[in-house]
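>>> structure for the following, please:
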Amino acid sequence: MDPLVSGLALIAMLVLTLGSGVWIFAGLLLVSFAGLHFLVGMPMARVFTIAGTITYRSASTWEMAAVPLFIWVAELIFRSSVSSRLFRGLAPFVDRIPGRLLHTNVLGCTLFAAVSGSSAATTATVGKITSKELVARGYDQNLAVGSLAGAGSLGLLLPPSIAMIIYGILAEVSVSRLFAAGVLPGLMVSGLYSGFIMLMALLRPGIAPAGHQEFVWRDYLRALADLAPVVALMGIVLGAIYSGIATPSEAAAVGVLAAFGVLALLRELSWELIRVSLMGTVRTSAMVCIILVSASLLSTTLGYLHLPQELGAAIGAMNLDPLALITLLAAFYLLLGIFVDGVAIIVMTLPMTLPLVTAAGYDPVWFGVFLVLMVEIGLLTPPVGINLFVLQGLTNWPLGRVARASVPFFLLFGLAVILLVLFPQLALWLPNQLYGA
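Predicted coordinates:
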């Protein structure tokens, strides 16, 4: 069967299966098994062998190991006074900004993304801390969930990014330059999100209830004391990473130990807290990890169908000018991001697309940032947008409602891509300053 026809058949099966209301991971597995057996023509015994191999490989990666540890840090914070201290500490500083505590989603995800390198871990962790607090305080639920979906995806862009490490290895590009290149675009996306929240708060003041007190200098001092546990925790984890003491995955374990230390100083550490937080960690981690493993199997199925390679070859045969080429590649990656997880997109398509963009005159470091931005957009697009699944599990909302809430932030990501294409120095200026042109 022609690869494009097979790909369309697989997409149709995926839409029908997920639209029927089955569990997300079950739908992904069912479509993957059906695709490998009926479209690729594999014997079912071979399908089960491949599924076992992919499951083991996906579940045993270092990135996957970091997810439950970072979620445990979130559970410890969430089930202690540290989360409420975070909101008390931020309240005076964001009270005069339109949108008020909604900005904690963006700020929290930006900070945590610079710790974890994983979008799934960032979304699950910050979502555990902020989602219920914002709803309890009367903030607009759609904007709260949508901003979490968008800002949570920054884990792939801000260093230490697992996706950029993979790109650097495959493209033979300096990972240090890639990390530096992701900083300004990541901060730009955060700024766009906060700007949108401020605009919405000005147009619809009811989405962010007004505070009930005037803050004086003593309140700011108390706020700094309330923020100290979180700042200390972030400082320890970031310090472990950027000093070279620990890798991002190892830093997750450092974060757990640091959380224990902070809670011990606050006299809140107890066996009951450890037990309850571990149970919550198991539930959330199982939800996140089984979806990631299922998405990896679906990506493998598409790889056997040669769909990404066929699309990439078709684009190369068009002989487009640079701007038209990058526009078409953006549409290509947007389409793939709907159905394939980000790391698989990079691995499967880079051998085809990187020669095209370098021949057109684009810097491979710049293209790495562009590619990661496009992969991040895929995290917000159903039916296999990982961030949407994570938030569906946290909120118990239908997937469609989570997707609708994330639409404005999906569009802002698109605006960030346009700005990156129009102003390449957004990605290239910092690495050129640090490491030379």
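>>> now I338: how far from F410?
11 Å (C-beta to C-beta, to the nearest Å). C-betas here are computed from N, CA, C, even on glycine.
>>> what's the weakest-modelled helix or strand in this structure?
Of all the helices and strands that make up the chain, helix 307-316 has the lowest average by mean pLDDT, DSSP states H and E, namely a mean of 70.
>>> quick one: that one to chain centroid distance?
Computed by C-alpha atoms, centre = their mean, to the nearest Å, the separation of helix 307-316 from the middle of its chain amounts to 26 Å.
>>> what angle separates the helix or strand just after it from helix 307-316?
Per DSSP states H and E, helix 307-316 leads on to helix 322-339 as the next helix or strand towards the C-terminus. Our comparison of helix 322-339 with helix 307-316, counting by axes from the mean of the first three to the mean of the last three C-alpha atoms, to 10 degrees, yields an angle of 160 degrees.
>>> what about helix 322-339, average pLDDT?
Here the mean pLDDT over helix 322-339 is 85, rounded to a whole number.
>>> which helices and strands does that helix pack with?
For helix 322-339, the packing partners by 3 or more C-beta pairs under 8 Å, 6 or more residues apart in numbering; DSSP states H and E come out as helix 307-316, helix 342-359, helix 364-378, helix 399-422.
>>> distance to S153 added to these, as TSV?
Formatted as TSV, the entries for those read as follows, by distance: least, C-beta to C-beta, whole Å:
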stretch	distance to S153
helix 307-316	21
helix 342-359	9
helix 364-378	4
helix 399-422	8
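>>> nearest to S174, out of those helices?
helix 364-378 (7.7 Å; C-beta to C-beta).
>>> what helices or strands is the closest one leaning on?
Taking 3+ C-beta pairs under 8 Å, 6+ apart as the contact definition, the neighbouring helices and strands of helix 364-378 are helix 162-171, helix 175-203, helix 322-339, helix 342-359, helix 399-422, helix 425-435.
>>> quick one: distance of that helix to the chain centre.
Here the centre of helix 364-378 is set off from its chain's centre by 13 Å, with C-alpha atoms, centre = their mean.
>>> the inter-axis angle of that helix versus helix 322-339?
If you take the same axes, to 10 degrees, helix 364-378 sits at 40 degrees to helix 322-339.
>>> per-residue confidence averaged over helix 364-378?
Averaging pLDDT residue by residue across helix 364-378 gives 90.
>>> now do it and helix 162-171, the angle between them.
Between the direction of helix 364-378 and that of helix 162-171, the angle (the same axes, to 10 degrees) works out to 140 degrees.
>>> following element in sequence after helix 364-378, please.
Toward the C-terminus from helix 364-378 - assigned by DSSP H and E - lies helix 386-395.
>>> on that earlier part again, neighbour count winner among I338 and F410?
With neighbours defined as other C-beta atoms under 10 Å, I338 and F410 compare such that F410 has more, 21 against 16.
>>> what is the burial count for Q425?
The local packing count at Q425 equals 11, with neighbours defined by other C-beta under 10 Å.
>>> quick one: buried residues of stretch 167-175?
For stretch 167-175, the neighbour count (16 or more other C-beta atoms under 10 Å) marks 167-168, 171, 173, 175 as buried.
>>> likewise stretch 154-162?
154-162.
>>> and that stretch, what's its mean pLDDT?
pLDDT averaged over stretch 154-162 equals 75, rounded to a whole number.
>>> from the chain's centroid, how far away is it?
Mean-position distance between stretch 154-162 and its chain equals 8 Å (C-alpha atoms, centre = their mean).
>>> same deal with stretch 37-53?
30 Å.
>>> average pLDDT for that stretch?
Across stretch 37-53, pLDDT averages out at 88.
>>> can you check stretch 421-432 too?
92.
>>> now swap in stretch 111-127 and tell me
Averaged across stretch 111-127, the pLDDT comes to 71.
>>> can you check stretch 240-254 too?
Throughout stretch 240-254, pLDDT has a mean value of 75.
>>> dump it to CSV, restricted to CA.
What follows is stretch 240-254 as a C-alpha-only set of coordinates in CSV (Å, rounded to 0.1, in the frame of the first residue of the first chain):
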residue,chain,number,x,y,z
ALA,A,240,23.1,21.1,40.6
ILE,A,241,22.5,21.2,36.8
TYR,A,242,24.4,24.3,35.8
SER,A,243,27.4,23.6,38.0
GLY,A,244,27.8,20.3,36.3
ILE,A,245,27.2,18.3,39.5
ALA,A,246,24.2,16.5,38.2
THR,A,247,22.4,15.8,34.9
PRO,A,248,18.7,16.9,34.6
SER,A,249,17.6,13.4,35.4
GLU,A,250,20.0,13.2,38.4
ALA,A,251,18.8,16.7,39.5
ALA,A,252,15.3,15.2,39.8
ALA,A,253,16.6,13.1,42.7
VAL,A,254,18.4,16.1,44.1
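>>> between the helices and strands packed on helix 364-378, which one is nearest to V82?
helix 175-203 (22.5 Å).
>>> tell me the helices and strands packed up against that closest one.
Other elements packing on helix 175-203 under the criterion 3+ C-beta pairs under 8 Å, 6+ apart are helix 103-116, helix 141-152, helix 162-171, helix 364-378, helix 399-422, helix 425-435.
>>> distance between that helix and the chain's centre?
Going by C-alpha atoms, centre = their mean, the spacing between the C-alpha centre of helix 175-203 and its chain's C-alpha centre is 14 Å.
>>> repeat that for stretch 45-55.
27 Å.
>>> in it, what counts as buried?
Going by neighbour count (16+ other C-beta under 10 Å), the buried part of stretch 45-55 is 47, 50-51, 54-55.
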